[in-house]
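*Asks:* what follows is a predicted protein model with its sequence.
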Amino acid sequence: ALQDEQAIATHSRDPKGAAAWQRQVEAKRKLAIELKTKAMNAAVAAYGVDISNLTSFKYDPDATDGESGITEESNRGVFIGDSAFSSPGWLASSIAHESEAHVNLQSMRGRNYDGQQGRALSEVEAYHYELTNAKRFGLSKDEQDAIRRNRAHYLGYLDKDTLARRNAGDYSMPKGREED
């Protein structure tokens, strides 16, 4: 960070240098996006992740810290953030969480929930899906533990009735409760 501040201070005194420095920064950013997009596509191919129902599939350099992926359920777009790139298996599992769970299992079956209960239930199902596929993705014990912690976080939001349905393997919200 100090090095970046020094570079900014140096280049701000020299407009031509500042413009050249800014072009270098932008070129590196574009290259990083290209390389991460290639890594995403390689993970899809290597691990057989089904992205056939997605309308868009992109790397998001501006994803919030800690977000491996984001699904836009209304249009079935998936954006993958930096947190997904910690290992090839974690990347593939993160993509599958968004595409195979949120899109294929949920959105394509009309299970897009806006309420807190429904959103939490959807996340619980997606994390359960990742754990069920941990061997497929070669996830380490630490990676599986992280998924369990994420799932437990969302389990904490479920009321007694929703938790009982989930424990019985039912990840749908009953008629009239879709917005809960």
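*Replies:* Thanks, I have the structure now. The shown structure was predicted, so the numbers you read here are calculated from the model rather than taken from an experiment.

*Asks:* in whatever helix or strand Arg166 lives in, what counts as buried?
*Replies:* Secondary structure from DSSP states H and E places Arg166 in helix 160-167. For helix 160-167, a neighbour-count test (16 or more other CB atoms under 10 Å) marks Thr162, Leu163, Arg165, Arg166 as buried. Where C-beta positions appear, they are placed from N, C-alpha and C, glycine not excepted.

*Asks:* lowest-confidence helix or strand of the chain?
*Replies:* helix 2-12 (a mean of 59; mean pLDDT, DSSP states H and E).

*Asks:* packing partners for whichever helix or strand comes after that one?
*Replies:* Later in the chain than helix 2-12, the nearest helix or strand by DSSP H and E is helix 15-47. Helices and strands touching helix 15-47, by 3 or more CB pairs under 8 Å, 6 or more residues apart in numbering; DSSP states H and E, are helix 2-12, strand 56-59, helix 88-96.

*Asks:* next one: the next helix or strand after the last one to chain centre, how far?
*Replies:* Toward the C-terminus, helix 88-96 is succeeded by helix 116-132 as the next helix or strand (DSSP H and E). With CA atoms, centre = their mean, to the nearest Å as the basis, helix 116-132 stands 13 Å off its chain's centre.
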